[in-house]
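[1] Sharing a model prediction with you, sequence too.
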Amino acid sequence: MSAESTVPYVLPSSRRSYSSAWIGIDGFANKNLIQTGTSHNWLKGKPVYYAWWGILPETETIIPHPACPGDCMRGSITKITRLLCQR
């Protein structure tokens with residue numbers, strides 16, 4: 001699965017605000033969710049942008065490359081199912 005999105009500009013706010021755009025696989029009737037995306041927040045009087053990935057139940061991992069407003073982001077994730085051979 002893959003998708004593209006443009007990192008939006010965060011508008012100033014008098015309080016904290018949070019938003020994200022992401023894609024994910026699974027997690028519907030189970031807790032096996034893998035996902036990746038970007039976050040665009042207003043914290044402590046300034047905008048904060050970053051890309052991340054995660055596999056539940058672990059917390060997100062920030063990707064150590066900048067994400068800036070107007071950037072075109074492309075995320076791709078794959079779930080591989082392991083097949084066992086019987087002899």
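    Now that the structure is in, tell me what you want to look at. This structure is a prediction, so every number in the text was calculated from the model and none was measured. Numbers count the residues shown, from 1 in each chain.

[2] May I have the phi/psi pair for I63?
    Main-chain torsions, I63, degrees, to the nearest 10: phi -80, psi 120.

[3] For the one residue sitting closest to the centre of the chain, give the beta-bridge partners.
    Nearest to the mean C-alpha position of the chain, by CA atoms, centre = their mean, lies G37 at 2.2 Å. Counting by DSSP bridges, G37 is bridged to W22, W52.

[4] pretty sure it contacts I23?
    Yes. Between G37 and I23 there is a contact at 6.6 Å, judged by CB atoms under 8 Å. C-betas here are computed from N, CA, C, even on glycine.

[5] who touches both of those two?
    G75 (CB atoms under 8 Å, 6 or more residues apart in numbering).

[6] which intervals of this structure have sub-threshold pLDDT?
    Residues of the chain meeting the criterion pLDDT under 70: 28, 83-84, 86-87.

[7] all helices of it, in order?
    Assigned by DSSP state H, the chain shows no helices.
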